[in-house]
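Chemist: Whatever this is, show me its structure:
(6 chains, ligands or ions: 6)
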Amino acid sequence: MREDFAGTKLDPAEARALRLEIEEFHAAYCAALDEGRIADWPGFFTEDAVYRITGRDNADAGLPVGLIYCEGGGMLRDRALAIEKTAMFAPRFLLHAVSNVRVLGLSEGTVEAQATYLVLQTLVDEPTTIHQAGRYFDRFARVAGRLLLRERQCVYDTVLIDNSLVLPV
Amino acid sequence: MREDFAGTKLDPAEARALRLEIEEFHAAYCAALDEGRIADWPGFFTEDAVYRITGRDNADAGLPVGLIYCEGGGMLRDRALAIEKTAMFAPRFLLHAVSNVRVLGLSEGTVEAQATYLVLQTLVDEPTTIHQAGRYFDRFARVAGRLLLRERQCVYDTVLIDNSLVLPV
Amino acid sequence: MREDFAGTKLDPAEARALRLEIEEFHAAYCAALDEGRIADWPGFFTEDAVYRITGRDNADAGLPVGLIYCEGGGMLRDRALAIEKTAMFAPRFLLHAVSNVRVLGLSEGTVEAQATYLVLQTLVDEPTTIHQAGRYFDRFARVAGRLLLRERQCVYDTVLIDNSLVLPV
Amino acid sequence: MDARATHGSNADRGFVWPEEGLARFPDWVYTSDEIYAREVERIFHGACWNYVALEAEIPAPGDFKRSFAGPTPVVVARGADGAIAVFENRCAHRGAEFCRPYRGNAREFVCPYHQWTYDLGGVLVGVPFRRGVKGEGGMPADFRLEEHGVRRLKVTTRRGVVFASFAPGTEPLEDYLGPEILADFDATFDGRPLKILGYYRNTVPANWKMYHENLKDPYHATLLHSYLVTFGLLVAGNRSAMIVDAKGRHGTMASAKPDTLDVPEESRREMRAFHDNLALADPRILDYVREFNSPWSVTMQTIWPNMIVQRELNTLGTRQIVPQGPHRFAMVWTMFGFEGDSDEMTRHRLRQGNLMGPAGFLGLEDNEAMKFVQDGIAKARPSAAVIELGGSEEGTSPNLISEAAIRALYRHWRDVMGV
Amino acid sequence: MDARATHGSNADRGFVWPEEGLARFPDWVYTSDEIYAREVERIFHGACWNYVALEAEIPAPGDFKRSFAGPTPVVVARGADGAIAVFENRCAHRGAEFCRPYRGNAREFVCPYHQWTYDLGGVLVGVPFRRGVKGEGGMPADFRLEEHGVRRLKVTTRRGVVFASFAPGTEPLEDYLGPEILADFDATFDGRPLKILGYYRNTVPANWKMYHENLKDPYHATLLHSYLVTFGLLVAGNRSAMIVDAKGRHGTMASAKPDTLDVPEESRREMRAFHDNLALADPRILDYVREFNSPWSVTMQTIWPNMIVQRELNTLGTRQIVPQGPHRFAMVWTMFGFEGDSDEMTRHRLRQGNLMGPAGFLGLEDNEAMKFVQDGIAKARPSAAVIELGGSEEGTSPNLISEAAIRALYRHWRDVMGV
Amino acid sequence: MDARATHGSNADRGFVWPEEGLARFPDWVYTSDEIYAREVERIFHGACWNYVALEAEIPAPGDFKRSFAGPTPVVVARGADGAIAVFENRCAHRGAEFCRPYRGNAREFVCPYHQWTYDLGGVLVGVPFRRGVKGEGGMPADFRLEEHGVRRLKVTTRRGVVFASFAPGTEPLEDYLGPEILADFDATFDGRPLKILGYYRNTVPANWKMYHENLKDPYHATLLHSYLVTFGLLVAGNRSAMIVDAKGRHGTMASAKPDTLDVPEESRREMRAFHDNLALADPRILDYVREFNSPWSVTMQTIWPNMIVQRELNTLGTRQIVPQGPHRFAMVWTMFGFEGDSDEMTRHRLRQGNLMGPAGFLGLEDNEAMKFVQDGIAKARPSAAVIELGGSEEGTSPNLISEAAIRALYRHWRDVMGV
Ligand code: FES
Ligand code: FES
Ligand code: FES
Ligand SMILES: [Fe+3]
Ligand SMILES: [Fe+3]
Ligand SMILES: [Fe+3]
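Modeler: Ligands and ions are numbered 1, 2, ... in the order given. Modelled structure (predicted):
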């Protein structure tokens, strides 16, 4: 179980540097969502990226459906467009908090990493709720010196969603 | 949007070192509050510090009111004094959890940083609740080698407060 | 109160390196629990380890009882065995999120550290709840180059437990 | 809920219908605990077919899933002989909800509390120490296992869809649905074996009937769903229909994707939702692969009291309504394709899935809108909804600008509920 | 809430007042769902003026805010002509709460569900496809937009404060408040244009009437609020008054800041709250800048049924009570200064703001104390509060050690409630 | 809760017992708000002894703890004279729950709202400004402090265990418990001074009576608790007994740890729970240090209505049931050893503590099982539990495979409840 400790086959120093860089990535990514800069969101992905949000029940059963399912930058941008221009939903405040970042390894030039996330939602005149708790299963590529998501699988424990999920995770 | 990734105009290595130092600051700051060492709290600020807690609705509208509003060390110490000596409130356990620390830049010798915080409150014979979720907007100064808050704006999403907020955030 | 800032008597660089290593330990430890690898859990402890979960009410009053109380690797393994083989409980998803890691010092070759944890529980067809919020009070030993827990005291604020706690924290 | 919930006369209870008749729906239809208790008794536990599963979810002997018939937890299991049984998820001994996981495979069901054991049909086959120990204790000599199984529901299936009823006398499903509804039901479930793609689950903080109203309300689709309109999937004036069965319980909202985006000026004027000059970077999501023998590219069927059949272009699914009191219901979405779909066809269905579900471009808007309605009626002074679109016509409507299907549903509902 | 909530005789319901009369308040006053339903019907929806806004919040045509009249969501909007309208936040069609943000500016209100459109006065001005499409569907020919606007409330304003009533016959505000209350109301709202400084919002897990009692209870101020006493802002024996209107509904708790901290030995003995030798590091928070034409440095006004006017030295605000059942209410605080305040004066008001609000030195104590009371009465054996301070006197009281104002309020309340 | 909760006849309320008598328990026993309200009135607030504390928790004068008598918050305090008083945690003035911390030491209790002051016996000893200020205000001349203390409960103690009753006429504890129960009670509380080891607190989402049933149900222990069986602590056929008092209220589930693990083949067959080839790495948890004058190594006593005495080998504790409506109760566990225990003996008790509590190998299973039962009965069609193990015998049972003790309890309960 040694690898469970370092959580990686990488040289520990390299793994740590990557972990710290990924933490900075998460902080910037969440800030874009929490500040409502949804148009910036597709920019955190490579053009060939796959993005999916699905329940842990589906993930455990190997079922492919996605609450949100995007193949490539076009679909990511279309999701952002719909949220900004066409979608009707009540005003709300959102916060995304990320912890427990783990770098699991390097394969074909992409970094595999995981993290735990919380989505905290506050509707007008309602309390703050844990709208979704889950884990990121990420694959990062380095493009022009910085990390971008080539794949993000958001697997949520909160199988029973409270009404709707209006922003990506 | 590049700056959204590094989240700073600083040299990345310097930014990372500051981020790690600020994380240690947050951990110590929260420990003081969570352990009830309220008298230590003003010591995390410079003597000319401004401290404010306000709702995201006020912050977004540019309204100046503060749930707590302190100008300078005297008001910070008076707040601590009142909590210790005069305030009547039910016993409770509090935990402050900080994540998503971002260093945004350096200006006039102060470090600008943000973070996401959760305040978890537990009253006697009641469940633990998310009492407040929000973000810190901080400006740090370096005094005698260590960071102190010159300004802390706590902007909370939890606009509808559950009864009362007895400790600073 | 200076030590409150560095949170340690260690050389700051050494303290930071330890803090980062401990964060990686927590991430691996939580992943084992969240992925249901309960059999791996005892491997995070030394053979002479003490493990206890207790309420902050007991801890504050110096009362020794433990919700879970293990002396040594045998009891840790027996707990894991019972969970896997004999215990009856409803299926659930669990997430453990750790933040606010503090390294407090080095004494007799063990590292003293603290952290804040959240246990998020999701039962079938029920919402995600904060099942437990608390703090770790840890003592780590270095064995064969990696950190293991010689002592973990989990002190929870969530004194009023929702029905049952089925996994260790 | 208290026993008294269903006592007392309507007048005593304040359940007086407005004199305007079906042009008005009073708030208590959506907010009363007593009305809800009566709905459970007379509708979900009455002579109705509750949708409980797709056969493809439990293909093999011993496969089972947790499900609900109305608010009531049930187990749907396939026996060794391949037959499907539906029974209450409630132990006959002391009442434990013994089946806890979403789904699985078992040889039998063992209640964890005292290990009473049921076969895959819910028949009690074992009571530990039934004869006691050393001849002492145990069940009475006249205790018959066969008299103490969990309560079984009447089961029927059609084209791989499983329904259950608490009432032995419930009419055959084909009669229950009627020919108008069967036609489009069979068009979607066209005989190809289903392939489960996955699930969504969500709650909606609104009365369960609003979900039926939403899908018997073609008017909203052209107005709430800017996405549909902006990208040309649906505009008032499309070839479309709102089809209702003879009793007014069920419905099919049907439309045909126009070959070209051409919104008549008349409609543009009416629709604030319409945005010019917006285009999708990846329009594959709007592709319609003609795979059904139907004039419609979209059919949304509401099957009373707890099922929706979604055929939205090529993204397919069933939805199960699980009422949780007057103010909330849960929704279980089962998304599927067909065995033999190519990888690309499966991926097409998944991409198109972004339209529906609690994060879907359309789905999230309906959920938000229903919350708005419940918020509005729960705290206001007593009032009533105004249901006058299409005048007083009831039932099938030739056009989208009518509430005839909703009125038809409530004529039936009032009849069953006695209000 | 169920229709039956207000049925049945008081005796049947167990609503029997103790024989001691107003010296006792029974628990059910604070805990009964039925009493609450009756309060909403007879008080908040009755012939009362509900505080809904300050004009300074919506200075320009098209400005609006979400608000509440009792528990009922309303919209307060300023029309093109500058007139203010208040109407239910409930669409006339199917009831959606259509206005969702805290505040904003709009030309009209469009309900998201089917885009029925209302002008800034709540008048229905548009129903999409009202005439149908291609002559089919749509509303009946005799459907009149003007008959289907959202329900408007009667509106009145004074000195920039906006009130609304569901009852057309509600007496003029000046008569409603009465001269005693008007005097201090006008002293605070002295004609200078208001400048909004911001908002606090919180819930209190207690019956909404306790907030009125708290501010009709000068006794508690000298005992609960150690901060006031310790730092000399208020001591029993201060120049002060508890003023009540003729009907007993409204009140003004007034006091004058003493020029010197001088607590008479008699009072010290009584007040455990008193701490010697405590001093503030930054006493600016206690400064009183004389800006009002009033003998009082502090006036806290309770304006029945849902408003508090706070003039605590120089920190000013209104508070709106939003009842949410017998056991909980929300409180919306609107803090303000005046146009033309210097930056330093504004900062002084902000610094002094630490006294009030849900984190204020005084405000948090009141909220905690009210929770304690609801906790105490909700789970105990049936009992009654003892309200005997000041004997049986009712109404305005010359001194702080009296519950006369509380008794006066409940004489009125019992009369309206018929208990 | 509304006053009406206890009105109306049983038939009107739907409280009709099945004709099978005590062989069936209908759902409303566990789910009705009205039945719950009646239980509070007739049982917890009636002629019963509620367990409230151990003397060892409050050894010194001035020591106090927050506790509950049924659902009602009380304070248990030791006076200067060493006497223990129990009184409602509700201020006589306006009802504040004035005592907030789990426990502490005080000279007197001061209500924070207006500082009415009570001595350690709950007697009102101070009302600030009772005579007013400068002769104005204050309480009426005829106000007697002694008439306005908080309500005191009748108190009795035995072997360091403190009980309280709201009914002055409650029979002496020894008569209340009866000789069968007293015997094992005294075996556990054998005169050695107790040493508090700590507390667990948890809620259980089930009706409070299910906890009594669970511990009057030896049948479940051999089936639910695989740990017990697998590691040989209990097997059907062990020397054991289910002892019930004459009235059927209280019970003792007793067993003797077998000297060797030897599960008769007959039992193995019945028990799915049984796992061969499992062994503990650290079997110290199963050690039994003989320290009690009793033939039993385990006695679990249910003392009506709110106490459990746990003597599980050497891990000892009391449990207090705090009902919170029909669907939930809280459980407060007080774990103890004895003064003079060696460090190793204390550590042995702590290690063995892993068996019980909300994370205990046995304790968590009981809590999970009770949730399953409430889940099962709350949403199903009306039904009834089948209570036929041991036929129709009631009361003490010679063997583990009987529900005689549960039937005896419900004969008593029906009598008190009048259903
Ligand atoms: S409750 Fe199911 S076996 Fe007893
Ligand atoms: S509900 Fe408002 S337009 Fe239909
Ligand atoms: S409520 Fe306790 S002193 Fe007034
Ligand atoms: Fe829709
Ligand atoms: Fe006050
Ligand atoms: Fe048990």
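
Chemist: what about the strands in the stretch 251-400 of chain D?
Modeler: Assigned by DSSP state E, counting those that start in this stretch, the strands in the stretch 251-400 of chain D fall at D:251-255, D:298-303, D:307-312, D:315-323, D:329-338, D:384-386.

Chemist: Buried by neighbour count: which residues of stretch D:321-332 qualify?
Modeler: By neighbour count with 16 or more other Cβ atoms under 10 Å in any protein chain shown, stretch D:321-332 contains the buried residues D:321-324, D:326-332. Where you see a C-beta, it was placed from the backbone N, CA and C, and this is true even at glycine.

Chemist: likewise stretch D:344-364?
Modeler: D:348-364.

Chemist: if we look at chain F, which of those residues are close to it?
Modeler: Cross-checking those against chain F (Cβ under 8 Å from any Cβ of the partner chain) gives no overlapping residues.

Chemist: With distance to residue E:387 and mean pLDDT as extra columns, can I get the strands of the stretch 251-400 of chain D in TSV?
Modeler: Below are those laid out as TSV (distance: least, Cβ to Cβ, whole Å; pLDDT from 0 to 100):
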stretch	distance to residue E:387	mean pLDDT
strand D:251-255	60	96
strand D:298-303	57	98
strand D:307-312	57	98
strand D:315-323	45	98
strand D:329-338	46	98
strand D:384-386	42	97
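
Chemist: for those, which one sits closest to residue D:72?
Modeler: Residue D:72 lies closest, by Cβ to Cβ, to one member of those: strand D:315-323, at 9.3 Å.

Chemist: who does the closest one touch, helix- and strand-wise?
Modeler: strand D:50-54, strand D:63-69, strand D:307-312, strand D:329-338, helix D:343-352 (3 or more Cβ pairs under 8 Å, 6 or more residues apart in numbering or on different chains; DSSP states H and E).

Chemist: So what are the sheet partners of the first one and their directions?
Modeler: It refers to strand D:50-54. strand D:161-165 (antiparallel) (DSSP bridges).

Chemist: buried sites along the strand it pairs with?
Modeler: D:161-165.

Chemist: List the contacts of whichever residue of chain A sits closest to chain F.
Modeler: Relative to chain F, the nearest point of chain A is residue A:160 (14.9 Å; Cβ to the nearest Cβ). Shown in contact with residue A:160 (Cβ atoms under 8 Å, 6 or more residues apart in numbering or on different chains): C:125-127, D:201-203, D:330.

Chemist: That one bridge partners, please.
Modeler: residue D:201.

Chemist: number of nearby residues for the residue lying closest to residue A:148 once chain neighbours are set aside?
Modeler: Counting by Cβ to Cβ, 6 or more residues apart in numbering or on different chains, residue A:148 lies nearest to residue A:46, which is 4.8 Å off, once chain neighbours are set aside. Residue A:46: 18 surrounding residues under other Cβ atoms under 10 Å in any protein chain shown.

Chemist: Shouldn't residue A:46 be within a strand?
Modeler: Yes. Counting by DSSP: H, G, I helix; E, B strand; the rest coil, residue A:46 is part of a strand.

Chemist: Give me the distance between it and ligand 3.
Modeler: As judged by Cβ to the nearest ligand atom, to the nearest Å, residue A:46 and ligand 3 stand 65 Å apart.

Chemist: That residue is in contact with residue A:150, isn't it?
Modeler: Yes. Counting by Cβ atoms under 8 Å, residue A:46 touches residue A:150, with 4.9 Å between them.

Chemist: what's the overlap in contacts for these two?
Modeler: residue A:141.

Chemist: For residue D:110, list each beta-bridge partner.
Modeler: residue D:117.

Chemist: where does the stretch 1-150 of chain D dip in pLDDT?
Modeler: D:1-8 (pLDDT under 70).

Chemist: contacting residues for residue A:166?
Modeler: A:83, A:87, A:89, A:92, D:359, D:364, D:368.

Chemist: and the second one, how many neighbours does it have?
Modeler: Yep, that's residue A:87 we're talking about. 21.

Chemist: first vs last residue of stretch A:121-129, how far apart are they?
Modeler: Stretch A:121-129 has an end-to-end distance of 5 Å (criterion: Cα to Cα, to the nearest Å).

Chemist: pLDDT of that stretch, averaged?
Modeler: Average pLDDT, stretch A:121-129: 98.

Chemist: still on that earlier bit, could you export the helices and strands packed on strand D:315-323 as JSON lines, including distance to ligand 1?
Modeler: Formatted as JSON lines, the helices and strands packed on strand D:315-323 follow (distance: least, Cβ to the nearest ligand atom, whole Å):
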{"stretch": "strand D:50-54", "distance to ligand 1": "22"}
{"stretch": "strand D:63-69", "distance to ligand 1": "16"}
{"stretch": "strand D:307-312", "distance to ligand 1": "30"}
{"stretch": "strand D:329-338", "distance to ligand 1": "25"}
{"stretch": "helix D:343-352", "distance to ligand 1": "41"}
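
Chemist: Which one, of these, ends up nearest to residue E:93?
Modeler: Comparing the helices and strands packed on strand D:315-323 by Cβ to Cβ, strand D:329-338 comes nearest, at 21.6 Å.

Chemist: so does that closest one get close to chain F?
Modeler: No. Figure legend: strand D:329-338 not in contact with chain F (Cβ under 8 Å from any Cβ); closest approach 11.8 Å.

Chemist: Can you spell out which helices and strands pack onto that strand?
Modeler: Secondary elements touching strand D:329-338 (3+ Cβ pairs under 8 Å, 6+ apart): strand D:194-204, strand D:315-323, helix D:343-352.

Chemist: Could you check the angle that strand makes with strand D:307-312?
Modeler: For strand D:329-338 against strand D:307-312, the angle by axes from the mean of the first three to the mean of the last three Cα atoms, to 10 degrees is 50 degrees.

Chemist: Strand D:329-338: partners in the sheet, and parallel or antiparallel?
Modeler: Strand D:329-338 has these strand partners (DSSP bridges): strand D:194-204 (antiparallel), strand D:315-323 (antiparallel).

Chemist: Okay, the residue nearest to residue A:148 and residue A:77: tell me how far apart.
Modeler: 13 Å (Cβ to Cβ, to the nearest Å).

Chemist: possible to save the strands of the stretch 251-400 of chain D as JSON lines with distance to residue F:410?
Modeler: Below are the strands of the stretch 251-400 of chain D laid out as JSON lines (distance: least, Cβ to Cβ, whole Å):
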{"stretch": "strand D:251-255", "distance to residue F:410": "49"}
{"stretch": "strand D:298-303", "distance to residue F:410": "43"}
{"stretch": "strand D:307-312", "distance to residue F:410": "41"}
{"stretch": "strand D:315-323", "distance to residue F:410": "32"}
{"stretch": "strand D:329-338", "distance to residue F:410": "34"}
{"stretch": "strand D:384-386", "distance to residue F:410": "47"}
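
Chemist: do you know which of those strands lies nearest residue B:41?
Modeler: strand D:329-338 (44.7 Å).

Chemist: C-alpha coordinates for the closest one, CSV please?
Modeler: The C-alpha trace of strand D:329-338 is given here as CSV (Å, rounded to 0.1, in the frame of the first residue of the first chain):
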residue,chain,number,x,y,z
PHE,D,329,-41.9,15.2,-4.9
ALA,D,330,-38.9,13.2,-6.1
MET,D,331,-38.2,12.4,-9.7
VAL,D,332,-36.3,9.3,-10.9
TRP,D,333,-35.1,9.5,-14.5
THR,D,334,-34.0,6.3,-16.3
MET,D,335,-32.2,7.1,-19.5
PHE,D,336,-31.9,4.5,-22.1
GLY,D,337,-31.0,3.6,-25.7
PHE,D,338,-31.3,0.4,-27.6
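
Chemist: show me what contacts residue D:173?
Modeler: D:49, D:156, D:158, D:163.

Chemist: Can you tell me the closest non-neighbouring residue to the second one?
Modeler: Counting by Cβ to Cβ, 6+ apart, residue D:156 lies nearest to residue D:173, which is 4.8 Å off, once chain neighbours are set aside.
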